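> Below is the structure, and that's it, no one-letter string:
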């Protein structure tokens with residue numbers, strides 16, 4: 001079978017069996033409380049915690065569920081993430097002699113999940129360099145915008161903009177104004 005078919009056949013049961021862990025991660029990030037997150041025994045309890053302290057509090061939506069470092073458990077993810085081809089490709093794109101895997105992440109976008117907000121992946125990782133790459137590999141067809149879907153969109157040059165979170169105030173809306181900071185070419 002194709003690599004995508006192998007990935008899909010391993011990842012689907014993996015994320016289904018760990019759904020509560022993904023919800024607990026959302027609770028911990030939103031609330032800042034590992035204790036609150038670990039007290040959630042069901043998805044419904046996690047959702048209730050998010051309604052009271054997080055993105056669901058004011059009718060917001062969760063953009064996705066996520067799982068980290070599946071390469072440790074899933075042979076197909078390990079084969080891809082640690083493949084010589086991916087290592088060479090990444091080193092070539094970064095213009096460096098060697099690379100290391102920081103993590104893999106499986107993002108589960110379910111029908112009805114909200115959009116993923118603008119962000120910089122570099123801000124989420126403990127690096128002191130802009131030499132990092134994120135690969136986006138959809139395992140399912142991405143619906144057209146008319147069907148409520150979107151592919152990956154990025155702001156050219158934002159990957160190297162360490163000042164982005166600080167460039168225009170502390171109101172938390174810097175990513176909502178990316179079109180002011182970057183020319184979208186349109």
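Perfect, I can see it now. The model shown is predicted, which means the values in this text are computed figures rather than measured ones.

> give me the low-pLDDT residue ranges for the protein?
54-60, 63, 117-118, 159-186 (pLDDT under 70).

> Could I get the full set of strands for it?
In the chain, the strands defined using DSSP state E lie at 65-68, 105-108.

> Which one, of the ones you listed, ends up nearest to residue 99?
strand 105-108 (16.7 Å; CB to CB). Using the backbone N, CA and C atoms, a C-beta is placed for each residue, glycine as well.

> neighbouring strands for that closest one, and are they parallel or not?
strand 65-68 (antiparallel) (DSSP bridges).

> Residue nearest the middle of the protein, spatially speaking?
residue 107 (5.6 Å; CA atoms, centre = their mean).

> Which residues are in contact with that one?
Residues near residue 107 by CB atoms under 8 Å, 6 or more residues apart in numbering: 64-66.

> Quickly note the distance from it to residue 43.
17 Å (CB to CB, to the nearest Å).

> What of residue 70?
For residue 70 relative to residue 43 (CB to CB), the value is 20 Å.

> Those two: who's more crowded?
residue 70 (21 against 14; other CB atoms under 10 Å).

> so what's the more buried one closest to, chain neighbours aside?
If the residues on either side of it in the chain are set aside, residue 70 comes closest to residue 77, at 4.9 Å by CB to CB, 6 or more residues apart in numbering.

> Can you give me the neighbour number for that neighbour?
For residue 77, using other CB under 10 Å, the count is 20.
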